[in-house]
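Participant: Could you look at this predicted model? Sequence included:
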Amino acid sequence: MTCGYSRDVLALYVEGDLSGQSTLEVTGHLMSCTECDRFCGQLQKSQALLKSLRRTVADAGALAGVRRGVLSQLDRVQETLPWTIRLERFLMLGFRRWKYAAACVVVMGVLTALTVSVDGHRQPIQTIERPEGYRGWVSIGSPGASKNVYIAPDAYRTFSETGKFPEGTILILEDAVALQVSVKDSSFTGGWGYFEFTGKERSRTADQGNCRTCHEARGETDHVFTQFYPALKVRRG
Amino acid sequence: MSRVPETETSPEILEVAALVRRTLDGDGAAFGQIVVRYERRVLTLCIRLLGAVEDAQDAAQEVFLRAFKYIHRLDVQKPLEPWLMRVTINVCRDLGRKRLRRRITFPEMTDPDEAPAGESGNPYNGLAEEQQKQLLWKALQRLPDKERMAVILRDVEGLTTSEVAVILESSETTVRSQICRGRLRIKDAIDQMTGGQP
């Protein structure tokens, strides 16, 4: 296209995904630009083809097959539930009853107090759970194909205001095969702990050297590669 | 997809919540009712995501078995359907990766679906429905995972951007950017395959 109008905007326009004001602007532009108008027409045709997939629906035979398959396996699944799931169920269902919840809070409080009194020096985190919901955090950039980096919103806000990553900051790099998690925690050597999830494991122990070496050598700001992420650079400025 | 806002407690949410509680108390028949209620929705989405009915049936079974296993994690104050759709997306993504590895190990010898170029002006004219479907399926397969999921949920399933964001556990901005890239890539891929304009 020789017209510099954004194809991205047109792709949203054809399905009514723009705000009212933006829609009016695009409509006005299309009235004066035959090239964009033709492009929109082509997009509408490929969208119509895409929507033809709506005619693909499950038939009764396939549905019955799924139902039979599921119902015949429920007992087996119930009997072979791993103990971790059973424990999780016990705790989660227990927490929905306030008496259990109150008891747990008291027990945890006592344990924490005991731990602090026995050892005033905080030990580094050894293991973390696989993070969830991070795709809803602030996405700060894509350092390569199929890679995305996310930062927790509170940490991003603090960094934007102060130029420093607060204690507890979590940065996540996700690609097709792994999830690399950096946790800012002063109990770690260098102030950061690094964890890598390569499979479906639910928890992971801290990396002992590989990540740290590179981060400490090349990370521009507090061992973080801020030089690769304009979102962080702009905020710092 | 349920259009009920997540904060509203509708009769459907209450009914499903009761079925979930009975399931957690060990009543397998209650889970059977959940299967019957959502099987069409889940299987249809699996077919649209995976293309082959056999694969989709396997995936749908796995969705319900996974849901059964982790049903205690469901917040019964919220609709079940978005959660179930999220499980469906994850199962299909896993299955898709396995299928990709299988294809890398045993590559196809030939490409059986070379579709003919269309008539001038509209590259899609003159293509039989089945050929169109094949073209489209190939174009979808070329999209990165996240874009394919977002496009199918938004444009094929007809969900709103915010509903897609909830299912994909992403932000609306990210989803909007994924569907916009996806739509353009599909158009370009179909243009290329049909010999239309690049």
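Facilitator: Arrived safely.
Participant: Listing request: residues of chain B with sub-threshold pLDDT.
Facilitator: For chain B, residues meeting the criterion pLDDT under 70 lie at B:1-9, B:100-129, B:195-198.
Participant: try chain A
Facilitator: Along chain A, segments meeting pLDDT under 70 span A:1, A:93-104, A:114-125, A:145, A:203, A:207-209, A:234-237.
Participant: How is it divided into domains?
Facilitator: Per the record, chain A has its domains at A:7-54, A:62-118, A:128-236, by automatic domain parsing.
Participant: how about TSV for those domains, with mean neighbour count and distance to chain B added?
Facilitator: All C-beta atoms are positioned from the backbone trio N, CA, C, and that covers glycine. Supplementary listing: the domains of chain A in TSV, determined by neighbours: other Cβ atoms under 10 Å in any protein chain shown; distance: least, Cβ to the nearest Cβ, whole Å:
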stretch	mean neighbour count	distance to chain B
domain A:7-54	16	4
domain A:62-118	12	4
domain A:128-236	16	4
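Participant: Can I get the ones you listed in TSV including distance to residue B:88?
Facilitator: As requested, those are arranged in TSV below (distance: least, Cβ to Cβ, whole Å):
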stretch	distance to residue B:88
domain A:7-54	16
domain A:62-118	12
domain A:128-236	17
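Participant: Which residues are in contact with the residue of chain A most remote from its centre?
Facilitator: When each C-alpha in chain A is compared with the mean C-alpha position (Cα atoms, centre = their mean), residue A:32 comes out farthest, at 41.6 Å. Under the criterion of Cβ atoms under 8 Å, 6 or more residues apart in numbering or on different chains, residue A:32 has no neighbours.
Participant: Can you show me the strands along chain B?
Facilitator: Read by DSSP state E, chain B holds no strands at all.
Participant: helices or strands next to the biggest helix by length in it in the packing?
Facilitator: If you go by DSSP state H, chain B has its longest helix at helix B:80-105. In this structure, helix B:80-105 makes packing contacts with helix B:11-24, helix B:28-50, helix B:53-69, helix B:145-151, helix B:161-168, judged by 3 or more Cβ pairs under 8 Å, 6 or more residues apart in numbering or on different chains; DSSP states H and E.
Participant: okay, those, which one's buried deepest?
Facilitator: When you average the neighbours per residue for each of the helices and strands packed on helix B:80-105 (mean count of other Cβ atoms under 10 Å in any protein chain shown), helix B:145-151 leads with a mean of 23.
Participant: From the contact counts, what lies against it?
Facilitator: Here helix B:145-151 is seen to pack against helix B:80-105, helix B:129-141, helix B:161-168, helix B:172-194 when contacts are counted using 3+ Cβ pairs under 8 Å, 6+ apart.
Participant: Okay, buried residues for the last one please.
Facilitator: Neighbour-count burial for helix B:172-194 flags B:174-191, B:193-194 (criterion: 16 or more other Cβ atoms under 10 Å in any protein chain shown).
Participant: on that earlier part again, mind putting the helices and strands packed on helix B:145-151 in a markdown table, distance to residue A:18 included?
Facilitator: Compiled in a markdown table, those are given as follows (distance: least, Cβ to Cβ, whole Å):
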| stretch | distance to residue A:18 |
| --- | --- |
| helix B:80-105 | 25 |
| helix B:129-141 | 24 |
| helix B:161-168 | 11 |
| helix B:172-194 | 9 |
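Participant: give the contact list for residue 177.
Facilitator: Using chain A here. Contact analysis of residue A:177 by Cβ under 8 Å, 6+ apart lists residue A:198.
Participant: You answered for a different chain; I wanted chain B.
Facilitator: Applying Cβ under 8 Å, 6+ apart as the definition, the contact partners of residue B:177 turn out to be residue A:8.
Participant: That one and residue A:14: what is the separation?
Facilitator: According to Cβ to Cβ, to the nearest Å, residue B:177 and residue A:14 sit 16 Å apart.
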